[in-house]
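Trainee: starting from these lines, generate the structure:
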Amino acid sequence: MLGVLALPAVLLIILVVFLPNSPRWLAQKGRHIEAEEVLRMLRDTSEKARDELNEIRESLKLKQGGWSLFKANRHVRRAVFLGMLLQAMQQFTGMNIIMYYAAAHF
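Mentor: The predicted model follows:
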């Protein structure tokens, strides 16, 4: 009976080999020709594929993230620090215990 539940997982593992790489990932790695080929397979016309690849390139140029954004922007540092502080303080209030035992007492 449990073998029936494994069938979709096995099928997925087998079929994932045939999936194309992500065009965004390919463009991020500098493999723009391969990214355009994948987009041509997925889109109606090659013009739509080219337009989408250009959009991907532009978004990759504009994307700033990770530590560079955290280090460069004081407001981001403050927001992250406040979020971490609120999460830590929430743990000290005992709210988890109240939520866990509330169903038994009320």
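
Trainee: okay, CA-based contacts and neighbour counts for the rest of this
Mentor: Fine.

Trainee: domain parsing for this structure?
Mentor: The record's domain split for the chain, according to automatic domain parsing, is 19-63, 67-106.

Trainee: right, and these - which one's nearest P8?
Mentor: Closest approach to P8 among those is made by domain 19-63 (16.3 Å; C-alpha to C-alpha).

Trainee: just for the protein, where's the confidence low?
Mentor: Scanning the chain with the threshold set as pLDDT under 70 gives 1, 63-65.

Trainee: quick check: what element follows the lengthiest helix in it along the chain?
Mentor: What stands out as the longest helix in the chain, according to DSSP state H, is helix 74-92. Elements were assigned by DSSP states H and E; along the chain past helix 74-92, the next helix or strand is helix 95-105.

Trainee: gap between that following helix and the chain center?
Mentor: When C-alpha coordinates are averaged (C-alpha atoms, centre = their mean, to the nearest Å), helix 95-105 and its chain have centres 33 Å apart.

Trainee: repeat for stretch 43-56
Mentor: Centre-to-centre, stretch 43-56 and its host chain are 22 Å apart (C-alpha atoms, centre = their mean).

Trainee: deepest-packed of the domains of the chain, please.
Mentor: Comparing those by mean neighbour count (mean count of other C-alpha atoms under 10 Å), domain 19-63 comes out on top with a mean of 15.

Trainee: if we can go back for a sec, now the angle between helix 95-105 and the longest helix of the chain, please.
Mentor: Compare the direction of helix 74-92 with that of helix 95-105 by axes from the mean of the first three to the mean of the last three C-alpha atoms, to 10 degrees and you get 40 degrees.

Trainee: C-alpha coordinates for helix 74-92, PDB please?
Mentor: This file holds the C-alpha atoms of helix 74-92, laid out as PDB (Å, rounded to 0.1, in the frame of the first residue of the first chain):
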ATOM      1  CA  ARG A  74      21.000  52.000   7.200                       C
ATOM      2  CA  HIS A  75      17.200  51.600   7.000                       C
ATOM      3  CA  VAL A  76      17.400  48.000   6.000                       C
ATOM      4  CA  ARG A  77      19.800  47.300   8.900                       C
ATOM      5  CA  ARG A  78      17.400  49.000  11.300                       C
ATOM      6  CA  ALA A  79      14.300  47.100  10.000                       C
ATOM      7  CA  VAL A  80      16.100  43.700  10.200                       C
ATOM      8  CA  PHE A  81      17.400  44.500  13.700                       C
ATOM      9  CA  LEU A  82      13.900  45.500  14.900                       C
ATOM     10  CA  GLY A  83      12.400  42.300  13.400                       C
ATOM     11  CA  MET A  84      15.000  40.100  15.100                       C
ATOM     12  CA  LEU A  85      14.400  42.000  18.400                       C
ATOM     13  CA  LEU A  86      10.600  41.500  18.200                       C
ATOM     14  CA  GLN A  87      11.000  37.800  17.400                       C
ATOM     15  CA  ALA A  88      13.300  37.400  20.400                       C
ATOM     16  CA  MET A  89      11.000  39.300  22.700                       C
ATOM     17  CA  GLN A  90       8.000  37.200  21.600                       C
ATOM     18  CA  GLN A  91       9.900  34.100  22.700                       C
ATOM     19  CA  PHE A  92      10.300  35.600  26.200                       C
END
